[in-house]
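**Student:** With the sequence up front, the predicted model follows.
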Amino acid sequence: MAMRFSILGSGSSGNSALLQTDHTRVLVDAGFSAKRLAGMLEEIGEKLESIDAIFLTHEHGDHAAALSGLARFPHIKVFANRATSLPLQASLKHQISWNIFETGSTFRFRDLEVSSFAVPHDAQEPVGFLIAHGDDDLFSKKRSIAWLTDLGHAPQHVRERIREADVLVVEANHCPHMLEADTKRPWSTKQRISGRHGHLSNEAARELLASITSPRWRHVFFAHLSRDCNSAAAVEAACGAILASHQCGLTVVAAGGRTPFYTF
């Protein structure tokens, strides 16, 4: 059985993606209002009512804003670690159907196997995910996608988790030169973005990709781009040659952009 996914939106204004199998529909993050998210899903022929679960990476609004509008959708299960769930639930008037996991653990939801791993970012307990589907046998092959956004640097355990993924979604937030030249952001904000608990630059993403020996990746999606301090051309210039050497496909998701379904 194949997996397919579509990034519905990516960037500081909101992040969410739909991941599908034959039996399951989940969102990885839900950083838009429930109304807007419903509209995004309708544009690709889906409905919010059909979503089975949401996997949250952390509590920031650009990843979890939809929770305030989920009172009409009590069937949607929300998976998060406790440190993420507590501040979110405290801000809501209705009770979320929480499914709490321990960071670093692996859990199953329907036909998905989900491994969580810690990432360094300025949130309570942010995580990345490695999401797998199927089994390696005579009739099928396990497929997996690694989700890695919102991190200031990539520790060794992160590098080990993403190597075996068929598809990688990784942050390439900013070009350091464009961030330094930006006149809209104060110095303190620039320091937070470029710090070790901020966001990956294009150069940091390139170093991460280059450090992985014999990756399994078929395709890499670069996400969470800054609207003002990055560009698709800058990301491709930094990372394109590395992926070409691995004969790996590349997609850069523009700030506020979306992707068509990718099946693997």
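**Tutor:** Here it is on my side, so go on. In this text, all values refer to a predicted model and were calculated from it rather than measured experimentally.
**Student:** what about the helices in the stretch 1-150 of the chain?
**Tutor:** 34-43, 61-64, 82-90 (DSSP state H, counting those that start in this stretch).
**Student:** list the buried ones in stretch 58-74?
**Tutor:** Burial within stretch 58-74, assessed by neighbour count using 16 or more other C-beta atoms under 10 Å, is assigned to 58-70. C-beta here means a position set from N, CA and C on the backbone, and glycine is covered the same way.
**Student:** From Arg185, how far off is the residue nearest to Ala223 when sequence neighbours are not counted?
**Tutor:** Excluding the flanking residues, the one nearest Ala223 by C-beta to C-beta, 6 or more residues apart in numbering is Ser10, at 4.4 Å. Per C-beta to C-beta, to the nearest Å, Ser10 is found 19 Å from Arg185.
**Student:** on that earlier part again, give me every residue that touches the residue nearest to Ala223.
**Tutor:** 17, 149, 223-225, 253, 255-258 (C-beta atoms under 8 Å, 6 or more residues apart in numbering).
**Student:** Would you quantify the distance from it to Phe139?
**Tutor:** For Ser10 relative to Phe139 (C-beta to C-beta), the value is 35 Å.
**Student:** now for the top helix by length along the chain, which elements pack on it?
**Tutor:** For the chain, the helix with the greatest residue count under DSSP state H is helix 232-245. Packing partners of helix 232-245 (3 or more C-beta pairs under 8 Å, 6 or more residues apart in numbering; DSSP states H and E): helix 202-210, strand 219-223, strand 249-252.
**Student:** Can you tell me the closest non-neighbouring residue to Gly69?
**Tutor:** Ala34 (2.7 Å).
**Student:** His60 is in contact with Ala123, isn't it?
**Tutor:** Yes - between His60 and Ala123 there is a contact at 5.9 Å, judged by C-beta atoms under 8 Å.
**Student:** between the two, what contacts are shared?
**Tutor:** Joint contacts of His60 and Ala123 (C-beta under 8 Å, 6+ apart) are Asp150.
**Student:** How many residues are close by the closest residue to Pro176 other than its chain neighbours?
**Tutor:** Leaving aside its chain neighbours, Pro176 sits nearest to Ser201 (5.2 Å; criterion: C-beta to C-beta, 6+ apart). For Ser201, the neighbour count with other C-beta atoms under 10 Å is 26.
**Student:** Run a quick neighbour tally on Gly195.
**Tutor:** 14.
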